[in-house]
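**Q** can you look at this prediction? I've put the sequence above it.
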Amino acid sequence: MSQGFRFLCVLICAHTSSIFPWTIIIINQILFKIDPGKQTSDMQYPKQYLYKRIVLAKLFIDGNYSENINLNNISHEAIFSKFHFIRLFKKIYGKTPHQYLKSVRIEKAMELMNKGVPVSKACFDVGFESPSSFSGLFKRYIGITPSEYFISRQKINLQILKEPVSFIPGCFSHKHGWT
């Protein structure tokens, strides 16, 4: 009986995104009571379910990067302890959740500045609390200050308006002087 129940649990985890994590915990507790002789390694969550929880936490970061979120919010979203969550996230994505959040914020700020949004507005729009911390982090990640990046993007945007064909990679007509 417990094998069929365990199989049902795995099927639910693999094919349902709306199942609540506490449901799986209850199912595991029932399974353990049915067959208490099983070792705990046999009662572990399916790996696919663990990955789903980490991916959901990553999507939470992607959707809420501009908010004041911290490790408690993110690990709560994945229903893990903070320390276990950090280990799993880093194992899967190669960086800690905080490092990932910073990189997402920098990328989103770059997108905003590419559209002509001023540096200070981009800084606050992506969730940084001070322009100086944003500037230092931006320089560490990108290699130039946000102001230098903004100015260089403005120049490129002006050149694109003047001569758009030159910005098409491998443009045949531009290579042969037809424009």
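**A** Now that the structure is in, tell me what you want to look at. The shown structure was predicted, so the numbers you read here are calculated from the model rather than taken from an experiment. Numbering: from 1, shown residues only.
**Q** please make it C-alpha for all contacts and neighbour counts, starting now.
**A** Noted.
**Q** number of nearby residues for residue 54?
**A** 24 (other Cα atoms under 10 Å).
**Q** close enough to count as contact, it and residue 88?
**A** Yes - counting by Cα atoms under 8 Å, residue 54 touches residue 88, with 7.5 Å between them.
**Q** all helices of this structure, in order?
**A** 2-15, 21-34, 47-64, 71-78, 82-93, 97-114, 119-125, 131-142, 146-162, 172-175 (DSSP state H).
**Q** what's the average pLDDT for the last one?
**A** When you say that, I think you mean helix 172-175. Across helix 172-175, pLDDT averages out at 62.
**Q** for the fifth one, same thing?
**A** Averaging pLDDT along helix 82-93 yields 88.
**Q** what do you get for the second one?
**A** Averaged over helix 21-34, pLDDT sits at 54.
**Q** residue 67 contacts residue 127, doesn't it?
**A** Yes - the pair residue 67 and residue 127 qualifies as a contact (Cα under 8 Å) at a distance of 5.7 Å.
**Q** of those two, who's got more company?
**A** Using other Cα under 10 Å as the criterion, residue 67 and residue 127 rank with residue 127 on top: 20 against 12.
**Q** residue contacts, that one?
**A** By Cα atoms under 8 Å, 6 or more residues apart in numbering, the contact list for residue 127 reads 65-68, 105.
**Q** need the buried ones from those residues selected in PyMOL.
**A** Applied in PyMOL, the following selects the buried portion of those according to 16 or more other Cα atoms under 10 Å:
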select buried, resi 65+66+105
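**Q** which of the contacts of residue 127 sit farthest apart?
**A** Largest separation among these by Cα to Cα: 68 and 105, giving 11.7 Å.
**Q** residues in contact with the closest residue to residue 56 other than its chain neighbours?
**A** Take residue 56 and drop its neighbours on the chain: the residue closest to it by Cα to Cα, 6 or more residues apart in numbering is residue 78, 6.6 Å away. If you count contacts by Cα under 8 Å, 6+ apart, residue 78 has them with 53-54, 56-57, 85.
**Q** could you identify which of those residues has the most neighbours?
**A** residue 54 (24 neighbours).
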